[in-house]
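Novice: Everything below, folded, please.
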Amino acid sequence: MTDHPNMVVVGGFLGAGKTSLLARLGRAGGLDGTVLLVNEVGDVSIDGELLRAARAEVVDLAGGTACCLYEDEDDLAEALTGLQGRQDVRRVVLETSGLTHPAGLLNVLQQAQAQSLVQCQAFAVVVDVPRAPTYLRRFEEARAQVRAADRAIFSKVEAASAGEVEAAQAVLRELNPSLATPVPSHMAEADLARWLWEPADMVWPAAPAAHQHEEIFSISLVDYAPYDVARILAVLGRRLSTLLRVKGFVQVAGRAERAFVEWTGPRFEVSWGEPFGRHRPRTELVVIAAGTDEARSELDRALRACREGKGTL
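Specialist: Numbers count the residues shown, from 1 in each chain. The predicted structure is shown next:
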């Protein structure tokens with residue numbers, strides 16, 4: 001390994017499928033010699049845990065910013081410095097928070113300290129095909145990720161119609177005419193890895209101009225008490241118009257294994273994961289939504305009222 005390992009940035013809006021894609025590569029052995037730096041919104045590293053379960057080496061960065069610019073320069077530099085001298089590390093992948101503005105991040109990577117530690121060679125954006133036209137119209141951060149990328153990965157193509165694929169392609173062409181033709185996330189793992197690691201000449205975007213955006217909040221529910229999954233889904237279901245992302249594990253009374261709950265629209269998915277084993281059972285759920293501090297407090301109270309044994313909401 002040289003003193004300057006290559007870095008690939010993997011971006012994409014909330015719920016686009018970044019973690020799912022990297023986990024699939026990890027399970028197939030495509031992340032050998034790779035360290036993942038994971039920057040999440042919220043105080044609980046749900047994505048980091050999922051990636052570790054997929055045999056990936058993960059370094060958790062500070063909670064992902066919910067504003068326009070990347071603000072974890074010191075944390076990123078510390079993580080990169082910690083990899084110096086590692087002969088087994090060939091590559092670093094930075095999975096950004098879905099709300100990170102790439103111009104701020106890439107400006108950090110252009111600073112002398114970062115450039116002495118790593119060489120950024122590609123920026124891949126993961127695009128959720130069915131949802132892309134909606135969130136790309138609504139959020140400047142999502143549009144900026146497409147503008148900054150040199151390559152794109154289409155996720156959830158299998159669940160999309162031909163019209164949705166064309167709509168996603170059209171909005172990407174409008175935002176970034178130089179973007180390479182997107183590849184589907186379900187392509188063979190070996191082909192996807194070769195495509196993802198292929199170096200490109202990065203075009204560094206200028207710092208973003210100030211802009212107005214919606215108020216966004218995150219709730220990190222961490223509790224050692226069991227929760228009622230059906231009630232959690234009912235609480236969240238009444239707030240679908242404001243939700244941006246739901247992901248995490250729920251401890252359920254009478255079950256040795258934990259429930260994995262995820263929402264990226266249009267439906268909630270609940271699956272049963274590994275048993276807690278020797279670890280103390282607990283609920284770890286992250287909810288990201290648009291709204292005010294008052295809305296955040298109200299939703300936080302409603303979720304905590306879903307504890308087993310509490311009265312009906």
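
Novice: Quick check: longest helix in the protein by residues?
Specialist: Identified as the longest helix of the chain according to DSSP state H is helix 162-175.

Novice: List the buried residues for that one?
Specialist: If you call a residue buried by 16 or more other Cβ atoms under 10 Å, then helix 162-175 has these buried ones: 164-165, 167-169, 171-172, 175. To be clear about C-beta, it is placed using only N, CA and C from the backbone, and glycine gets the same treatment.

Novice: Name the nearest residue to Gln121, sequence neighbours excluded.
Specialist: Closest residue to Gln121 apart from its sequence neighbours, by Cβ to Cβ, 6 or more residues apart in numbering: Pro199 at 4.3 Å.

Novice: In contact with the one you found, which residues?
Specialist: Listed by Cβ atoms under 8 Å, 6 or more residues apart in numbering, the contact partners of Pro199 are 6, 121-122.

Novice: which helices and strands does the strand ranked longest in the chain pack with?
Specialist: For the chain, the longest strand by residue count, based on DSSP state E, is strand 119-128. In terms of contacts (3 or more Cβ pairs under 8 Å, 6 or more residues apart in numbering; DSSP states H and E), strand 119-128 is packed against strand 6-11, helix 102-110, helix 140-148, strand 151-155, helix 189-197.

Novice: returning to what we had before: wait, is the residue nearest to Gln121 part of a strand?
Specialist: No: with DSSP: H, G, I helix; E, B strand; the rest coil as the criterion, Pro199 is located in coil rather than a strand.

Novice: tell me the mean pLDDT for stretch 75-88?
Specialist: Stretch 75-88 shows a mean pLDDT of 81 in the predicted model.

Novice: Just the buried positions in that stretch, please.
Specialist: The neighbour-count check on stretch 75-88 (16+ other Cβ under 10 Å) flags 75-77, 79-80, 83 as buried.

Novice: Out of these, which sit inside helices?
Specialist: Helix and strand membership here follows DSSP H; of the buried residues of stretch 75-88, those in helices are 75-77, 79-80.

Novice: What's the first helix or strand after the longest helix of the chain?
Specialist: Tracing the chain C-terminally past helix 162-175 and defining elements by DSSP states H and E, one meets strand 183-184 next.

Novice: can you count the residues close to Arg91?
Specialist: Here the number of neighbours of Arg91 (other Cβ atoms under 10 Å) works out to 19.

Novice: from what I can see it touches Met7, true?
Specialist: Yes: when contacts are counted by Cβ atoms under 8 Å, Arg91 is listed as touching Met7 (7.5 Å).

Novice: now stretch 162-180, how far from the centre of its chain.
Specialist: 21 Å (Cα atoms, centre = their mean, to the nearest Å).

Novice: Could you pull out the helices in the stretch 201-313 of the chain for me?
Specialist: 229-237, 293-304 (DSSP state H, counting those that start in this stretch).

Novice: out of the helices and strands packed on strand 119-128, which comes closest to Gly291?
Specialist: Comparison of the helices and strands packed on strand 119-128 against Gly291 by Cβ to Cβ identifies helix 140-148 as nearest, at 16.7 Å.

Novice: just the buried residues of helix 162-175 now: which is nearest Ala256?
Specialist: When these are ranked by distance to Ala256 (Cβ to Cβ), Glu164 comes first, at 39.6 Å.

Novice: so that closest one sits right up against Pro130, yeah?
Specialist: Yes: between Glu164 and Pro130 there is a contact at 5.3 Å, judged by Cβ under 8 Å.

Novice: Specify which residues of the protein, grouped into ranges, have pLDDT under the cut-off.
Specialist: Applying pLDDT under 70 to the chain flags the ranges 1-3, 42-43, 62-74, 202-213, 277-278, 310-313.

Novice: Domain-wise, how is it divided?
Specialist: Listed by automatic domain parsing, the domain ranges of the chain are 6-197, 216-304.

Novice: Just the buried positions in stretch 119-135, please.
Specialist: Of the residues in stretch 119-135, those with enough neighbours to count as buried (16+ other Cβ under 10 Å) are 119-132, 135.

Novice: and Leu240, what does it touch?
Specialist: Counting by Cβ under 8 Å, 6+ apart, Leu240 touches Gly265.

Novice: Could I get the ones in helices among the buried residues of stretch 75-88 in CSV, plus columns for distance to Arg280?
Specialist: What follows is those, written out as CSV (distance: Cβ to Cβ, whole Å):
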residue, distance to Arg280
Asp75, 27
Leu76, 31
Ala77, 34
Ala79, 28
Leu80, 33
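
Novice: Out of the residues you listed, which comes closest to Val222?
Specialist: Of all these, Val222 sits closest to Asp75, with 20.7 Å by Cβ to Cβ.

Novice: isn't the closest one right up against Val59?
Specialist: No: with contact defined as Cβ under 8 Å, Asp75 does not reach Val59; the gap is 9.6 Å.
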